[in-house]
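K.L.:
Sequence plus the predicted model coming up.
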Amino acid sequence: MNYPKDMAKQVIQFYKTTFDNSFSTMVMLQEQAEKLMKTFMDQAPWMNDDARKVLDQWTGVYRKGRDDYKKAMDEGYKKVEDFFSKFGQGS
């Protein structure tokens, strides 16, 4: 048993789980805010189609950025996990 390696893996897994849970909560809150904004836009008589298109594009860009961030974090955690799985194999 490689105690430091196992402990490091557990700490990393804890951080990943914490990140995933926090990220899921953030996504849920953002989606609710997006629904609220859409409802407001649909009921606003002064909101024209061009303004709706701009807000839809803004929402899409924001969503893509959020997804890209999650992907980058997942890749980072994978690299760290791979490092620790290789660490100590030769000893």
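P.N.:
Cool, got the structure. Numbering: from 1, shown residues only.
K.L.:
remind me which residues of the protein are low pLDDT?
P.N.:
1, 87-91 (pLDDT under 70).
K.L.:
Show me the longest helix that occurs in it.
P.N.:
If you go by DSSP state H, the chain has its longest helix at helix 3-43.
K.L.:
And whichever helix or strand comes after it, what does it pack against?
P.N.:
Downstream of helix 3-43, the next assigned helix or strand under DSSP states H and E is helix 49-86. Packed against helix 49-86 by the contact rule (3 or more CB pairs under 8 Å, 6 or more residues apart in numbering; DSSP states H and E) you find helix 3-43. Bear in mind the C-beta positions are built from the backbone N, C-alpha and C, glycine included.
K.L.:
ok, the residue nearest to the spatial centre of the chain - contacts?
P.N.:
Central residue of the chain (CA atoms, centre = their mean): Lys70, 3.6 Å from the mean position. Listed by CB atoms under 8 Å, 6 or more residues apart in numbering, the contact set of Lys70 reads Phe23.
K.L.:
follow-up on the earlier one: relative to the whole chain's centre, how far out is the longest helix of the chain?
P.N.:
6 Å (CA atoms, centre = their mean, to the nearest Å).
K.L.:
go on, stretch 68-87?
P.N.:
How far stretch 68-87 lies from its chain's middle: 14 Å, per CA atoms, centre = their mean.
K.L.:
Understood, closing this out.
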